[in-house]
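1. below are the sequence and a predicted model for it; my questions follow.
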Amino acid sequence: MTNREILASLEKASVIYRTESGEGRQVWSDVSMDIHQGEWIVVVGPNGSGKSTLASVLLGLSPLSDGQFVHKQNQHRLTRGVLQIPDAQFIGDTVQEELDYLPNGQNLSTEARKEWYIETLSAVGLTIPIERTLNTLSGGQKQLLNLAAALAAQPKILVLDEPTAMLDPAARNEVRQAVREAHKQGTTIVWITHRLEELADATRVVGFGEGRISFDGEPRAFFYGEGGELPVMTPCMELGFDPPFVVKTAIGLLQQGCQLDLLPLDMEELAKAVATLCP
Ligand SMILES: Nc1ncnc2c1ncn2[C@@H]1O[C@H](COP(=O)(O)OP(=O)(O)OP(=O)(O)O)[C@@H](O)[C@H]1O
């Protein structure tokens, strides 16, 4: 797929969660994947298929029951992220305390640190006073604060578990922009989502089905299949997802016998593909 440096690898990894009654419940089996420097991996799959377990494993929160998680770098420096339940990640009581736990601001003068708080928060579009207590923030603000802290820690791999789930369209856009910026600076992205439009930036799609990786490849192959034939059942459909409008339109055109130079992933590409059909 790529010859870039491997930052971390899962090798035949399994996870068993213990239920309250003490029984073991296997939720992951035989999961293998390499995460390469500079990738933007979007992880999709139905509810309960094991996507959040990937976030927990990468962030060092869920131990493996079998297999290995191999990484050269200290895990704390390697991965940072945003979990689905924002409160689970807070350490401090106020916004300021939350940011003070990060090593980055600790050696700054008082003046420079004030600037740093503002910069860190504004990277995700937050303008809240740093004195605010965390329990007075909305769910979306908490999610953004966690993202701000994760970005400020400058991890090698940024792990995002449905980071836009509680956000309005403007805040979703802020998140997308902030993550794009981090990716441009070299951060590797692992983005878990149910929103297929969030595949737009992906270099690779990993699809989970029932605790196993059922697809691992490029976004175009995810949406249109790999055979180069008229798609009937694609990896996207096999995972139970309704393809986005752009993909459905392109498949409809192919079914009508149109030859498309490019299988489009977004509206701009669809417009270009349709334009080539016009005399
Ligand atoms: N702490 C836990 N203890 C027991 N079972 C768990 C625990 N966390 C997750 N599970 C189970 O593991 C399976 C995979 O869960 P996971 O949260 O990884 O799925 P998911 O794909 O992220 O789901 P969703 O899209 O609903 O967030 C599910 O069946 C879930 O019920």
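-> Yep, that arrived. Only a predicted model underlies this, so the values are computations on that prediction, with no experimental measurement involved.

2. other SSEs contacting the longest helix along the chain?
-> In the chain, assigned by DSSP state H, the helix with the most residues is helix 169-184. On a contact count with 3 or more CB pairs under 8 Å, 6 or more residues apart in numbering; DSSP states H and E, helix 169-184 meets helix 139-152, strand 157-161, strand 188-192. Placement of C-beta: from N, CA and C, glycine included.

3. now what about the first one, what contacts it?
-> By that I understand helix 139-152. Contact with helix 139-152 is made by 80-83, 86-87, 89-90, 95, 98-99, 101-102, 104-105, 120-121, 123-126, 128, 134, 137, 158, 160, 163-168, 171, 174-175, 178-179, 182, as judged by CB atoms under 8 Å, 6 or more residues apart in numbering.

4. which SS state does the spatially closest residue to R180 that is not a sequence neighbour fall under?
-> Spatially, and ignoring its direct neighbours in sequence, R180 is nearest to D201 (6.5 Å; CB to CB, 6 or more residues apart in numbering). Following DSSP: H, G, I helix; E, B strand; the rest coil, D201 is assigned to coil.

5. look at D201 and report its pLDDT.
-> For D201, the model assigns a pLDDT of 91.

6. next up, the contacts around it.
-> Contacts for D201 (CB under 8 Å, 6+ apart) come out as 40, 42, 176, 179-180, 183, 189.

7. from those, which shows the smallest pLDDT?
-> The member of the contacts of D201 with the lowest pLDDT is R176, at 90.

8. residue contacts, L61?
-> By CB under 8 Å, 6+ apart, the contact list for L61 is empty.

9. could you confirm it falls within a strand?
-> No. Counting by three-state DSSP, L61 is not found in a strand; it is coil.

10. how close does it get to the ligand?
-> For L61, the distance to the ligand equals 10 Å [CB to the nearest ligand atom, to the nearest Å].

11. quick one: pLDDT of that residue?
-> For L61, the model assigns a pLDDT of 89.

12. skip the chain neighbours and tell me the closest residue to A8.
-> Per CB to CB, 6+ apart, closest to A8 is H71, 4.1 Å.

13. residues from this structure in reach of the ligand?
-> Contacts of the chain with the ligand, taken as CB under 6 Å from any ligand atom, map to 17, 19, 25, 27, 45, 47-53.
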